[in-house]
Every structure is written in C-alpha cells, then in structure tokens.
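>>> Fold the stuff below for me.
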Amino acid sequence: MSARNIGIVYRKELLEALRDRRTLISTILVPILLFPILTVGVGFAVAGLIEEADREPARIMVLGGNDSSSIVSSLAKSKNLIVVPGPANYVDLISNKKIRAAVEIPSGLQSGEGADYPPVKIYMYSGDLKSTTAAKRIEEFFNDYRDNLARDRLKTQKLPASFLKPFDIKQQNVVSEEKVAGETVGGIIPYLVIIMCLTGAMYPAMDLTAGEKERATMETILSSPISRTHLVLGKFLLVLTASLVTAALSVTSMGVSSWLFQHFQDQSSGSAIHIKIGLGAVLSVFLVALPLAVMFSAALLTIALFAKSYKEAQSYISPLMIVVIVPAIAAMLPGVELTPRLSLVPILNVSLLCKDLIAGTYHWNSIALIFLSTCLYGGAAIFIAVKMFHHESVLFRS
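Numbering: from 1, shown residues only. Predicted coordinates for the structure are as follows:
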C-alpha cells in the first residue's frame, strides 16, 4: 500500500473538485445556510404564528342559547372572542376558515334546572392552529362558568369551596433543557445531518466515476502507473472529504443556529419554542457521523461506477435517497427507542443514537456497538468499491 500514490490521486481529484461549482454548492453553501434557515428562520416563523394565533381575537358562532342570554352576553364580551350572528352553515364556515369555531349551548343551561345537562359542544377544525386556539378559549370560558356555578351551589349549602377541589395537581419538569430539546427536535437534527452526509458525497462520487467516463478521461487515469487499489482509495478519500466537510459544516451551523435562536428567544417575551443544544452534543453527533460518512462515500462511489454517464448515475443514486430517508426519519416517530437489536440496523442506529446524544443521554454500550457496526459496514463498502474498480466489465460498460 503506497500512501504517496494515494495522496497523488487525492490531491489531483481535490483540485478538480474545488473547480466544480456543483460540488462546492452541495459541500459548503448548502450545509452553511440550511440549518440557520431551518432553525432560526422556520423557528421564528412558527413562534410568530403561535403568538399571532394567541393575540388575534377568534370569530366564533353560538348555536342555541336562546334561554341563556346571560351566558351568550358574557361570551360575546370575552376579550379574545368575537361572536358572529347566526344561524348559518357553521360547518362550511369553519371549513373555509370564515369562523374559527362554533359552540352549541344546551337548553336550560343558565336556569340551572335539573341535575344533569347535555354537554356543551364545541365544533372546530382539528389541525388548524387558530381554530384549536378558539376552541381552547371557549372551553376555558365554560370551565370558569362551571366552576363558578359549582361554587355558588356550595355556598348555598354552606359548604367550603375546597369541597369542590380538595387538592391541586401540578406538573413540574425534572429534566434539563437539553433533554427537552432532544425529545422535541432531537429526531430532526440527526435526519438532516445524515442527509447532508449523503448529499456531500453524492456529487463528487458521480463526478469521479460517471463523470470521468463521460469526459473520456477514465482510460487516461487507468493507464497511469498507479494501481487500481491506490486509484480507488484516492478517489474514495476525496469523496469522504466532501462528506465530512459537509457534516462538519452542518453540525457547526446547527450549534451556532441553536445558540442564536435560544439567545433571541431569551431576549423576547413569551418564548414558545426552546432549543438548547450543547457543544458536547454537537461534537458527539459529528463523531458518530464519521463511520456513516465512510459507508456513504464508498457505497456512492460503487453505485456511480456502474453508470455510463452523469445523468445515468443520478438515476441510479436517486433510489438510495429513499433507502436512507426511511430509517433516518424513523427516529422522529414516537415510541421508537434505541435497543440492542436496532443498534445493528444501518443509518437507523446512528439516527437514534444522535437523538439520545442531543438529549444528553450516553449509553456507552450502545455507542460502542453502533460505532463498531457502522465501521464494519463502511469497511465492507470500501472493499466492494475496490473490487468493482478491478472489473473491466464495470469500468467500461457498453
């Protein structure tokens, strides 16, 4: 094994890659801009939408309530509710977002006749933020009305108000903000890092194989006094460099974006979204991504080698995106947790491990198992890539 020959091939391919605009965009520009846009841009956009929904008065419709004029009047005077006249087809109005919700007041609610009442029904558009906010406000109004009604009845019977609610129930968070962030956004970040590793290696791998064939320079390179093994390892190192640079820029951009977002959130009032990712988590994600980048680089180099042109290589590699996305996105599914069996599943194991690392949870046995298994997969991918470069039928497919 000649490190000098591998280095010569690597330097030659690196210089050519630095002149390729597509490689520079996918390796440097995309990872630098992606996380700030997603974290800061989308984060503030979502926070802004939530604040707007909380601030904007909701248009609602009252159904029934002819014998509960006092309740209807109090509902109309609520600060965050606007009662529109009816009757009308409230289902269509809610579906078309002309009104946000409708409430049906049962007969005899205000008079207090009888021991039981039919339920107060709230009609809303499930999934629409402003509609669910309006329904929540209506529910809070009738909860207060029900509590006041119960307290008045207790007072009439000369019973204390504590008879209605003898004790309170309070929820208190006992874990760190890092763990909370890991559960809320921990599945998204590994997914993006994995995709960035794949994207960073994709264009150099296609250019160094199918691109060489298309430019008719593959024969010239193969005729040089360098063994096939040295040639493929030099090309592999260039693809790996692009993947690692993309991964490094991604996790760096992720950490900076997280810090900026949290900094601005702390300065603003009514923060709705909390994202706090420590430096240790960022470094851990990068280290875990190393063997994954090796596997991606070798696999992409092998697949693209079968193509006769750059366009054909793209058609071969496109299905790989689906193969990578499915296990990568599984970490965002509720209830999917890292187990010894899942620690051996490629890509999924790294995605689940990164989610735990962002949450500040370090299972060292799982970390060692995942790192070793991913290194094994990466080594196998390199071995296959070297073997394919020794087959003339693959190099010169007609």
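>>> show me where the stretch 1-150 of the chain has helices.
For the stretch 1-150 of the chain, applying DSSP state H, counting those that start in this stretch gives helices covering 3-18, 21-24, 30-35, 43-55, 69-76, 90-95, 129-156.
>>> do you know which of these lies nearest K213?
Nearest of the helices of the stretch 1-150 of the chain to K213, taken as C-beta to C-beta: helix 3-18 at 14.9 Å. All C-beta atoms are positioned from the backbone trio N, CA, C, and that covers glycine.
>>> That closest one packs against which elements?
Helix 3-18 sits against helix 188-208, helix 228-267, with contacts defined as 3 or more C-beta pairs under 8 Å, 6 or more residues apart in numbering; DSSP states H and E.
>>> how does it look with 10 Å?
Secondary-structure packing of helix 3-18 (3 or more C-beta pairs under 10 Å, 6 or more residues apart in numbering; DSSP states H and E): helix 21-24, helix 188-208, helix 210-214, helix 218-222, helix 228-267.
>>> which parts of that helix are buried?
N5, I6, I8, V9, Y10, E13, E16, A17 (16 or more other C-beta atoms under 10 Å).
>>> for those residues, which one is nearest S243?
Scanning those for proximity to S243, where the rule is C-beta to C-beta, the winner is A17, at 12.0 Å.
>>> Which residue is the nearest non-sequential neighbour of that closest one?
Nearest-residue entry for A17: T23, 4.9 Å, with adjacent residues in sequence omitted and distances by C-beta to C-beta, 6 or more residues apart in numbering.
>>> Make sure that neighbour is actually in contact with Y203.
Yes. Counting by C-beta atoms under 10 Å, T23 does reach Y203; the two are 5.1 Å apart.
>>> Comparing the two, which residue is more hemmed in?
With other C-beta atoms under 10 Å as the criterion, T23 and Y203 differ in neighbour count, and Y203 comes out ahead with 26 against 20.
>>> In space, not sequence, find me the middle residue of the chain.
I188 (2.5 Å; C-alpha atoms, centre = their mean).
>>> rewinding a little: and the helices of the stretch 1-150 of the chain, which is most packed in?
helix 30-35 (a mean of 19; mean count of other C-beta atoms under 10 Å).
>>> and it, average pLDDT?
Helix 30-35 shows a mean pLDDT of 70.
>>> Now do the shared contacts for T23 and Y203.
Taking C-beta atoms under 10 Å, 6 or more residues apart in numbering as the contact rule, T23 and Y203 both touch A17, A242.
>>> Kindly spell out which helices and strands sit in contact with the strand ranked longest in the chain.
Across the chain, the longest stretch assigned as strand under DSSP state E is strand 58-64. Helices and strands touching strand 58-64, by 3+ C-beta pairs under 10 Å, 6+ apart, are helix 69-76, strand 81-84, helix 90-95, strand 101-105, strand 121-124, helix 129-156.
>>> Can you list the strands that that strand pairs with?
Within its sheet, strand 58-64 is paired with strand 81-84 (parallel), strand 101-105 (parallel), according to DSSP bridges.
>>> Taking their axis directions, the longest one and helix 69-76 sit at what angle?
Which is strand 101-105. On the basis of axes from the mean of the first three to the mean of the last three C-alpha atoms, to 10 degrees, strand 101-105 is oriented at 160 degrees to helix 69-76.
>>> by how many degrees do strand 101-105 and helix 129-156 diverge?
Going by the same axes, to 10 degrees, strand 101-105 makes 30 degrees with helix 129-156.
>>> could you give me the average pLDDT of stretch 72-83?
Here stretch 72-83 scores 88 as its mean pLDDT.
>>> Out of the helices of the stretch 1-150 of the chain, which is closest to K355?
helix 30-35 (16.4 Å).
>>> ok so, going back, now the residue nearest to A17: how far from T209?
Counting by C-beta to C-beta, to the nearest Å, the gap from T23 to T209 is 14 Å.
>>> ditto for I37
31 Å.
>>> Give me the more crowded residue out of those two.
T209 (29 against 12).
>>> got a list of what that one touches?
218, 232, 235, 239, 300-307, 310, 313, 385, 388-389, 394-395.
>>> give me that answer again for 7 Å
Neighbouring residues of T209 by C-beta atoms under 7 Å, 6 or more residues apart in numbering: L301, A304, L305, A313.
>>> Would you list the phi and psi of it?
When read as degrees, to the nearest 10, the backbone of T209 gives phi -120, psi -80.
>>> contacting residues for the closest residue to L244 other than its chain neighbours?
Computed as C-beta to C-beta, 6+ apart, the closest residue to L244 that is not its neighbour in sequence is A293, at 5.4 Å. Contacts for A293 were tallied using C-beta under 7 Å, 6+ apart; they are C197, A201, L240, S243, L244, A247.
>>> and if you look at L342?
Under the criterion of C-beta under 7 Å, 6+ apart, the neighbours of L342 are L348, N349, L352.
>>> and of these, the nearest to R228?
Closest approach to R228 among the contacts of L342 (C-beta to C-beta): N349, at 32.2 Å.
>>> for the helix or strand where that closest one lies, packing partners?
Using DSSP states H and E, N349 sits in helix 348-358. Here helix 348-358 touches helix 177-184, helix 188-208, helix 279-305, helix 310-329, helix 364-389, going by 3 or more C-beta pairs under 7 Å, 6 or more residues apart in numbering; DSSP states H and E.
>>> Brilliant, that's me finished.
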